[in-house]
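> Provided below for reference: sequence and predicted model.
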Amino acid sequence: MNFLITGAAGFLGSALANQLAREGHQVRGLDDLSTGEPQALMEDVHFTRGDVSDRPKLWTLLQDVDCVYHLAARVLVAESLLYPREYNAVNVGGTVSLMEAMRDVGVGRVVLISSGAVYGDQQEQPVNESVHPQPHSPYAVSKLAAEYYVNTIGALWGIGTAILRVFNAYGPGQHLPPAHAPLIPTFLRQAVRGGTLVVHGDGRQTRDFIYVSDVVRAMIAAATAPNINQEVINIGSGEETTVRQVAEQVLQLTGNRGEILYTPRNDAGVSRLCADISLAQKKLSFTPRHSLTDGLQLTLERDPRFKS
Ligand code: NAD
């Protein structure tokens, strides 16, 4: 098949692009390299640097494409509190531009990578796709708005759509920005340097951590699965893990006898979040293959930044 991946030089985009290329598909990648790194892509991936809102560029890149994966986005929840306008422009505006270009060219299918962050605080855990989202941040709002645009424009113009709400993905190659970096690579970096792991809050907040190759398998299944038009599907491990447990596991795996420091800062996010993955199991035949321990071990082995 012919694919276009937006955000292809990013953490999830590059893992997806490389796997599709390995499987013999034709893969085009678009990324503005605001955070992405093109060297993460195999040579077989045809990479173009550009903005996801650049419709003339999209018109060219979309020729003969069977399915688009839309991952280009600003992705840091905490950063989105400071720059909501930018999050809206890229995550919402970029999505609308892409959908318009797909309509113009007549592309048949798009898979949007959305986020478990759209759920916000939910009483019932694990969360299933039918609950009312309670987004807490401009990032979460922008992902939810993108979902509505994709499904609405898709229905108007006969473009098949699937929305994957990915929970906390981690693995080799995850971007580690100087500020607001994601939890697992931050802990791993600290631990291999023999440093202290800083946990915001008491560490009892829970998340659903999913290893990158499991996310890639779900994304690939979504390109061809039947009967998923307009569906919103959770992609997680289905396991609820406390931040404290993650920190302890990281220390154990790295052999670091360092400390975990709990700060009273009130930026720990929602108290619980875990995916109900029964719809993914039913619609995409999706079952995660990697436990957290296994995924952390693979990340340590495969990501040169975490060599002690
Ligand atoms: P990432 O930052 O590594 O990837 C995003 C990519 O988009 C980057 O390479 C960046 O350069 C590119 N980009 C940003 N703005 C762009 C623009 N205007 N035009 C073209 N490219 C642009 O992050 P990621 O973790 O790989 O996330 C990929 C997607 O998955 C995002 O849509 C994110 O919301 C979603 N997601 C990620 C997770 C996770 O845990 N990693 C969880 C849920 C959802």
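Nice, thanks for sending it over.

> what parts of the chain come near the ligand?
Contact residues (C-beta under 6 Å from any ligand atom) of the chain with the ligand: 6-7, 9-13, 31-36, 51-52, 71-75, 90, 94, 113, 115, 143, 166, 168-169, 175. To be clear about C-beta, it is placed using only N, CA and C from the backbone, and glycine gets the same treatment.

> quick one: which of those residues sit in strands?
Among the residues of the chain next to the ligand, the members found in strands (DSSP state E) are 6, 31, 113, 115, 166, 168-169.

> for this structure, what spans make up the helices?
Ranges of helices within the chain are 11-22, 55-61, 77-82, 84-87, 94-105, 138-157, 183-192, 212-224, 243-254, 278-284, 292-302, based on DSSP state H.

> among those, show me which one is buried the most.
Burial of these is given as mean neighbour count (mean count of other C-beta atoms under 10 Å); helix 11-22 ranks first at a mean of 23.

> ok so, going back, okay, the ones in strands among the residues of the chain next to the ligand in JSON lines with neighbour count and pLDDT next?
Below are those laid out as JSON lines (neighbours: other C-beta atoms under 10 Å; pLDDT from 0 to 100):
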{"residue": "6", "neighbour count": "28", "pLDDT": "99"}
{"residue": "31", "neighbour count": "28", "pLDDT": "98"}
{"residue": "113", "neighbour count": "29", "pLDDT": "99"}
{"residue": "115", "neighbour count": "25", "pLDDT": "98"}
{"residue": "166", "neighbour count": "24", "pLDDT": "98"}
{"residue": "168", "neighbour count": "20", "pLDDT": "98"}
{"residue": "169", "neighbour count": "26", "pLDDT": "98"}
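
> of all those residues, which comes closest to residue 307?
Taking C-beta to C-beta as the measure, residue 169 is the one of those closest to residue 307, at 21.7 Å.

> hang on, that closest one packs against residue 210?
Yes. Look at residue 169 against residue 210 with C-beta atoms under 8 Å: they come within range, at 5.4 Å.

> picking up where we left off before, dump the helices of the chain to CSV, plus mean pLDDT.
Output for the helices of the chain, formatted as CSV (pLDDT from 0 to 100):
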stretch, mean pLDDT
helix 11-22, 98
helix 55-61, 98
helix 77-82, 94
helix 84-87, 98
helix 94-105, 98
helix 138-157, 98
helix 183-192, 95
helix 212-224, 98
helix 243-254, 96
helix 278-284, 98
helix 292-302, 97
